[in-house]
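Peer 1: Here's a sequence, model it:
(chains A and B)
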Amino acid sequence: MTDLTVRLSDITLRSAVMTAAGCAGTGRELARFVDLSQLGAFVTRSVTRDPDNARMSMWMQPTPSGFVHGVRPPSAGLEAFLTRELPWLQQQRVRPIVSLVGTALGEYAESARRLGQIGGVSAVEVNLDTVLRDGDGQVVGDDPFTASRVVGTVRHETPRGVPVLAKLTWGGDPLRVVQAVGEAGADALVLMAPPPARTVPTGGGAARRRGRAALSGDALRPLVLDRVWRVHAAYPSIPLVAVGGVRTGHDALEMLLAGARAVQVGTAMFRDPVAAVNVHRDLRRLLEDRGVDHVHDVVGAGHVQPAAAGYVPPATGQERP
Amino acid sequence: MSSGLTPSRRPRKDAAADRGRGPFRTQGEIFSVKSAGQYHQLTIVAEDVPEVARPGHFVAVDVGGELSSSLGLRAFSVARTRPSGVYGGTVDVVVDPRGPGSRWLAARAVRDKVDLIGPLGRPFSLPKQAVTCVLVGVDYAAAPLFGLAEQLRERGCGVHIVLGASTEARLYGVLEARRAALSVTVATFDASVGIEGTVTAPAHQVLARTGADVVYAAAPSSAMRDLRAVAEVAAGAGAWCQTLVEAPMPCATGLCQACTIPVLGDNWHPRIVRGCLEGPVFPAERVRWEALAPDPGGPS
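Peer 2: Modelled structure (predicted):
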């Protein structure tokens, strides 16, 4: 039987398949349909330091092979998460990875510090798809400097042995951002946050569509594959977690061949809540069919003929920054 | 298999504490398709679901088939359930074919397979005593009220029904209502049948005439204003009111957070909850109607 365990910095995941942030509720909803312990990790909804419950910013509209949706759903805040959601998750024999988001550097810092005090968190995922209140209006992850400050702050406040994953965004120069957050201490990269997108209402309804929006779903898969491919080509030693449009075991295998060590399943669970567990099961079968003993053996294996695929890694940056 | 759900029909035995009550993922089979005005009423053979579904519950149907670029489910109120018979238990849903997903489902033929999840959500609560109830339904959203009426009558409750729609073809269940209720009042906006206008004024009159203690109301999201108005009428009459609030539910299982409903939670504190988990039925006084945005999306 193929070994699907993967190592992300200091932790070992039981499977290379986990849930994606914001797509699996609190875990209780999903547990009605699946055994969470089959997953490599459960990534939580993005948690803000303070409750952010007053607004109705979340909406979702189907588009071909995807959804366009508001970027920030309501959040009950870190304390509510720590009392109402995390203890339950910790009883489920699944590694909890907490996704953090904020609108100020200090919020990320306080949240990370508090999580560190509480303990029992397997890893922290830093959601960089946000705009800082006192910033220049740019998405944090699009700017190497701001992204590295946020990641560096969370890394500083997070105990050793608890990996910090940085979830990158689509703007800016991708390899510069990768290098910057790598130097700031990110232990792994999550590629990618949903790209900015838009729908334009043709008859009323505009009032609810304020704020940033993004695209999730199958439509992203080739775009994410390309990004994983390029980042892995440039920095083969950085652990990558692919997220965006993974719906089947085959999709996951593609991501692994491109260079991802693990995958997250998100939107696919909206159509079938069992999707993530099915990806795990089907990936194992695909690897067994190919006679692969360990999932690690296929990571980046698609790069064997990199020139044929049209990508030439930059001359510098062959080593991990 | 018509689409994304896999053949494993039941959740794992160790999945959830209350797994016996569902929700279940199952592959259903279309047993019959009837037209009802502008709507299509589908009877679907579905394992496990009919036994536990109650009025107000809904099912989420995977629409579009295997090659579809649609990634979400469509939620439909359970209109009727029949327990296991020769063909197995069935659930009825009433489909308004107004968007690509609902049109796809409405176009299914007998024996076609559909993947679905159900029952989902919180159903209507029933009164403990035999009280008088007014059931108010707009368009196809009235569908779950008839199963509800049956259960209320079994408890000895007097049932009065008010049905409304923009026009006669969009009314649902008038004949069935005449069989199920002590009185039936119909209102259409274009006065094609019954009283001219919305359900609000007739609901008010029936409440005053019957002195009912309980109001149940259901309306599509396009008629949210009527739902709110009925809730206010009920509050004015001192009646306890439950409302079935429709919201677009891309996943219907609590994962995507897109079906948010603003409510008053414990200690009347404002909260935002997921309509698919804590709804679709809410006590009317808990809904923050003023914060409930009008239906943002196109028809689905």
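
Peer 1: elements contacting the helix or strand harbouring A:Tyr108?
Peer 2: Counting by DSSP states H and E, the element that carries A:Tyr108 is helix A:105-118. Judged by 3 or more Cβ pairs under 8 Å, 6 or more residues apart in numbering or on different chains; DSSP states H and E, helix A:105-118 is in contact with helix A:78-80, strand A:96-100, strand A:123-127, helix A:144-157. C-beta: built from backbone N, CA, C; applies to glycine.

Peer 1: now that helix against strand A:123-127, angle please.
Peer 2: Here the directions of helix A:105-118 and strand A:123-127 differ by 170 degrees (axes from the mean of the first three to the mean of the last three Cα atoms, to 10 degrees).

Peer 1: Helix A:105-118 - what's its average pLDDT?
Peer 2: On average, the pLDDT along helix A:105-118 is 95.

Peer 1: cool, and stretch B:215-225?
Peer 2: 93.

Peer 1: Any idea how far apart the tips of that stretch sit?
Peer 2: Taking Cα to Cα, to the nearest Å, stretch B:215-225 runs 16 Å from one end to the other.

Peer 1: Please identify the buried residues of that stretch?
Peer 2: For stretch B:215-225, burial by neighbour count (16 or more other Cβ atoms under 10 Å in any protein chain shown) applies to B:215-224.

Peer 1: Columns distance to chain A on top of the residues you listed, output as JSON lines?
Peer 2: Formatted as JSON lines, the buried residues of stretch B:215-225 follow (distance: Cβ to the nearest Cβ, whole Å):
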{"residue": "B:Val215", "distance to chain A": "26"}
{"residue": "B:Tyr216", "distance to chain A": "26"}
{"residue": "B:Ala217", "distance to chain A": "22"}
{"residue": "B:Ala218", "distance to chain A": "22"}
{"residue": "B:Ala219", "distance to chain A": "18"}
{"residue": "B:Pro220", "distance to chain A": "15"}
{"residue": "B:Ser221", "distance to chain A": "11"}
{"residue": "B:Ser222", "distance to chain A": "11"}
{"residue": "B:Ala223", "distance to chain A": "15"}
{"residue": "B:Met224", "distance to chain A": "13"}
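
Peer 1: Make JSON lines from those residues and add secondary structure to it.
Peer 2: Output for those, formatted as JSON lines (DSSP: H, G, I helix; E, B strand; the rest coil):
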{"residue": "B:Val215", "secondary structure": "strand"}
{"residue": "B:Tyr216", "secondary structure": "strand"}
{"residue": "B:Ala217", "secondary structure": "strand"}
{"residue": "B:Ala218", "secondary structure": "strand"}
{"residue": "B:Ala219", "secondary structure": "strand"}
{"residue": "B:Pro220", "secondary structure": "coil"}
{"residue": "B:Ser221", "secondary structure": "helix"}
{"residue": "B:Ser222", "secondary structure": "helix"}
{"residue": "B:Ala223", "secondary structure": "helix"}
{"residue": "B:Met224", "secondary structure": "helix"}
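
Peer 1: and which of these is nearest A:Thr19?
Peer 2: Distance to A:Thr19, by Cβ to Cβ, is smallest for B:Ser221 among the buried residues of stretch B:215-225, at 29.1 Å.

Peer 1: Quickly note the distance from the closest one to B:Ala141.
Peer 2: 9 Å (Cβ to Cβ, to the nearest Å).

Peer 1: Then A:Trp88?
Peer 2: 34 Å.

Peer 1: In terms of neighbours, single out the busier of those two.
Peer 2: Higher neighbour count among A:Trp88 and B:Ala141: B:Ala141, with 27 against 13, using other Cβ atoms under 10 Å in any protein chain shown.

Peer 1: Might one say that that one is in contact with B:Ser77?
Peer 2: Yes - the pair B:Ala141 and B:Ser77 passes the contact test of Cβ atoms under 8 Å, sitting 7.0 Å apart.

Peer 1: Mind listing the shared neighbours of the two?
Peer 2: B:218, B:244 (Cβ atoms under 8 Å, 6 or more residues apart in numbering or on different chains).

Peer 1: which regions of chain B lie under the pLDDT threshold?
Peer 2: Scanning chain B for pLDDT under 70 picks out B:1-20, B:293-300.

Peer 1: Which residue ranges of the stretch 201-321 of chain A form helices?
Peer 2: With DSSP state H, counting those that start in this stretch, the ranges of helices along the stretch 201-321 of chain A come out as A:221-234, A:249-258, A:268-271, A:275-289.

Peer 1: List the contacts of the shortest one.
Peer 2: For helix A:268-271, contacts defined as Cβ under 8 Å, 6+ apart pick out A:19, A:23-24, A:30, A:67, A:218, A:246-247, A:275-276, A:279, B:3-4, B:62, B:70-73, B:250-251, B:253, B:255-256.

Peer 1: From these, which land in helices?
Peer 2: Judged by DSSP state H, the contacts of helix A:268-271 include A:30, A:275-276, A:279 as members of helices.

Peer 1: filter these down to the ones close to chain B.
Peer 2: Filtering these for proximity to chain B by Cβ under 8 Å from any Cβ of the partner chain leaves A:30, A:275.

Peer 1: closest to A:Val263 among the ones in helices among the contacts of helix A:268-271?
Peer 2: Out of those, the member with the shortest distance to A:Val263 (by Cβ to Cβ) is A:Val279, at 7.1 Å.

Peer 1: correct me, but that closest one touches A:Gly245?
Peer 2: No - contact criterion Cβ under 8 Å: A:Val279 and A:Gly245 do not qualify, at 11.6 Å.

Peer 1: dump the residue contacts of B:Val273.
Peer 2: Contacts of B:Val273 by Cβ under 8 Å, 6+ apart are B:260-261, B:263, B:265, B:279.

Peer 1: Kindly list the main-chain dihedrals of it?
Peer 2: Backbone torsions of B:Val273, given as degrees, to the nearest 10, read phi -120, psi 160.

Peer 1: For it, list each beta-bridge partner.
Peer 2: B:Ile261 (DSSP bridges).

Peer 1: what touches both of A:Val279 and A:Gly245?
Peer 2: Common contacts of A:Val279 and A:Gly245 (Cβ under 8 Å, 6+ apart): A:Asp251.

Peer 1: which residue does the stretch 51-200 of chain A bring closest to chain B?
Peer 2: Relative to chain B, the nearest point of the stretch 51-200 of chain A is A:Met60 (3.5 Å; Cβ to the nearest Cβ).

Peer 1: B:Pro127 and chain A, how far apart?
Peer 2: 29 Å (Cβ to the nearest Cβ, to the nearest Å).

Peer 1: What of B:Ser35?
Peer 2: 26 Å.

Peer 1: cool, and B:Arg271?
Peer 2: Taking Cβ to the nearest Cβ, one finds B:Arg271 at 6 Å from chain A.

Peer 1: In which helix or strand does that residue reside?
Peer 2: Taking DSSP H and E as the definition, B:Arg271 sits inside strand B:270-274.

Peer 1: Next, the buried residues of that strand.
Peer 2: Using 16+ other Cβ under 10 Å as the test for burial, strand B:270-274 gives B:271-274.

Peer 1: send the alpha carbons of it over as CSV?
Peer 2: What follows is strand B:270-274, C-alpha atoms only, in CSV (Å, rounded to 0.1, in the frame of the first residue of the first chain):
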residue,chain,number,x,y,z
PRO,B,270,-27.1,40.2,16.5
ARG,B,271,-25.5,37.3,14.8
ILE,B,272,-25.0,36.0,11.3
VAL,B,273,-25.8,32.3,10.9
ARG,B,274,-25.8,29.9,8.0
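
Peer 1: So which residue is smack in the middle of the chain?
Peer 2: Just so you know, I chose chain A. With distances taken as Cα atoms, centre = their mean, chain A has A:Val190 as the residue nearest its mean C-alpha position (4.4 Å).

Peer 1: actually chain B
Peer 2: Nearest to chain B centroid, counting by Cα atoms, centre = their mean: B:Ser77, 3.4 Å.
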